[in-house]
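Engineer: How does the following fold in three dimensions:
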Amino acid sequence: MAYYEHVLISRPDISPAQVETLMEELTDFLKTQGATVGKTEYWGLRNLSYPINKQRKGHYSLLNIDGPAEAITELERRQRISDDTIRYMTVRVDQLDEEPSAMMGRKGRSDRKD
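Structural biologist: Residues are numbered from 1 along each chain as shown. Here you go, the predicted model:
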């Protein structure tokens, strides 16, 4: 099986709890398709670089997936028809990183050099 990183941007008008529920639903779906989900991260409500569908913010989330290509194809199809999804991107990687991502490392970082 191959390794994938799936980044998801959800609508800003849903709550963080609803985003967590959405991520759990995606994880359960992937498990039924024969994939395993390693790390899931919620990056929070962030500004978008440019407006998408008149939205200026979005909830960012990350899934690390180890699974077959068919599961990823079906996941992306579901993301396209979902009303809660603004954008998504799936990237195939050589190995999954179990460390916190760079986006998680930025929170509360006080080692800035002025």
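Engineer: hey, let's count contacts and neighbours off CA atoms from now on
Structural biologist: Will do.
Engineer: Now for I86, how many residues are close by?
Structural biologist: Counted by other C-alpha atoms under 10 Å, the residues lying close to I86 total 19.
Engineer: What ranges does this protein have for its helices?
Structural biologist: 16-32, 69-81, 102-105 (DSSP state H).
Engineer: what are the phi and psi angles of P100?
Structural biologist: Here is the backbone geometry of P100 (degrees, to the nearest 10): phi -60, psi 140.
Engineer: hmm, back to that, take the helices of the chain and lay them out in TSV including mean pLDDT and mean neighbour count.
Structural biologist: Below are those laid out as TSV (pLDDT from 0 to 100; neighbours: other C-alpha atoms under 10 Å):
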stretch	mean pLDDT	mean neighbour count
helix 16-32	93	15
helix 69-81	93	15
helix 102-105	76	11
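Engineer: wait, which of those is closest to W43?
Structural biologist: With C-alpha to C-alpha, the closest approach to W43 among the helices of the chain belongs to helix 102-105: 6.7 Å.
Engineer: OK, contacts around P12?
Structural biologist: P12 sits next to 45, 55, 57-59 when contact means C-alpha atoms under 8 Å, 6 or more residues apart in numbering.
Engineer: Thanks again, I'm all set now.
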